[in-house]
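# any chance you can model this:
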Amino acid sequence: MREFIITIDGPAGSGKTTVAKALAKKLNLDLLESGAFYRYLTLRLLQSDIMDSQFSSDEIFRKKIEEFLSEIEIKISPEGTVLIYQGRPINNELRSKEVEEKVSEISSHPVVREEVNKFMRRLIEGKRVITEGRDMGSCVFPQADLKFFLTADLEERARRRAKDVIDRGLEEVKKNLLERDKRDSEREIAPLKVPESAIVIDTTNLNFDQVVERLEMFIKRAYER
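Below is the predicted model:
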């Protein structure tokens, strides 16, 4: 079975994660969730009291990132990406307020992005996968067979995100989304942008099933080529 890569990119709250999960199950494709790795590294750096600025030009920082990545077991399936640390799944811990507030800063570090990208490329060699994130089609897998970019207006993205984040009000979520959008789109390394040849879908006025059906249609067409 030949490798087949589908990328789904977009800003936070655009629906890319839930849509990717539904498609992976429906089409029996492994699901690689890139955000899990950046959130994991953010959590580990926070736990270790390591400020990335201390290591911005130091190979010690790279070694630390490699060490953190070597400490996790990864399970990729149509159910999603599960990170196991010290013998237990930690995905729920990756959605904490502390991680949410720091993940964009940590993930913008060039060493972090380089190491995570290498890690993910090794993980999916020879697989048929759906990958989702912010730069899957533009930077990590530019050779992907099919690329999507999902978007939605700020109000709708904040409403969706508030459901997923514990103890957060809508206005606070909206403020954090605006700040993250700005950081993600303006950063020098792998900024958030529409990948070349990507299919852009605005999900603001589409319900969940409509978005899934639309992407599924494009995927089935790509399979037939």
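
# CA atoms for contacts and neighbours, from now on please.
Fine.

# what number of residues lie near Pro142?
Neighbourhood size, Pro142 [other Cα atoms under 10 Å]: 17.

# go on, the one 4 residues further on?
Other residues within reach of Leu146, judged by other Cα under 10 Å, total 20.

# skipping adjacent residues, who's closest to it in space?
Ile6 (4.9 Å; Cα to Cα, 6 or more residues apart in numbering).

# okay, and the one you found sits in which element?
Ile6 is part of strand 4-9, with elements assigned from DSSP states H and E.

# can you name every helix or strand that that strand contacts?
Applying 3 or more Cα pairs under 8 Å, 6 or more residues apart in numbering; DSSP states H and E, one finds that strand 4-9 contacts helix 16-27, strand 128-133, strand 146-151.

# 10 Å instead?
helix 16-27, strand 30-33, strand 128-133, strand 146-151, strand 199-202, helix 208-224 (3 or more Cα pairs under 10 Å, 6 or more residues apart in numbering; DSSP states H and E).

# so which of those gets nearest Asn91?
strand 30-33 (11.0 Å; Cα to Cα).

# kindly export that closest one (C-alpha atoms) in CSV.
Provided in CSV are the C-alpha atoms of strand 30-33 (Å, rounded to 0.1, in the frame of the first residue of the first chain):
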residue,chain,number,x,y,z
ASP,A,30,-4.3,7.0,10.7
LEU,A,31,-4.6,10.5,12.2
LEU,A,32,-1.5,12.5,13.1
GLU,A,33,-2.3,15.4,15.3
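
# average pLDDT for the next helix or strand after it?
Sequence-wise, the next helix or strand downstream of strand 30-33 (DSSP H and E) is helix 34-47. Across helix 34-47, pLDDT averages out at 93.

# neighbours of the nearest residue to Tyr40 once chain neighbours are set aside, how many?
Nearest residue to Tyr40, sequence neighbours excluded (Cα to Cα, 6+ apart): Leu94, at 6.2 Å. Using other Cα under 10 Å, Leu94 has 22 neighbouring residues.

# what helix or strand does Glu105 sit in?
Per DSSP H and E: helix 97-107 holds Glu105.

# helices and strands around the helix or strand following that helix, which ones?
Under the assignment DSSP H and E, the closest C-terminal helix or strand after helix 97-107 is helix 110-123. Other helices and strands packing on helix 110-123, by 3+ Cα pairs under 10 Å, 6+ apart, are strand 30-33, helix 34-47, helix 59-70, strand 72-77, helix 97-107.

# circling back: list the contacts of the residue nearest to Leu146.
20, 29, 31, 128-132, 136-137, 141, 143-148, 219, 222 (Cα atoms under 10 Å, 6 or more residues apart in numbering).

# tell me which of the helices and strands packed on helix 110-123 is the most buried.
Stretch with highest mean neighbour count among those: strand 30-33 (a mean of 26; mean count of other Cα atoms under 10 Å).

# partner strands of that one and their direction?
strand 128-133 (parallel) (DSSP bridges).

# what is the orientation angle of the strand it pairs with with helix 34-47?
50 degrees (axes from the mean of the first three to the mean of the last three Cα atoms, to 10 degrees).
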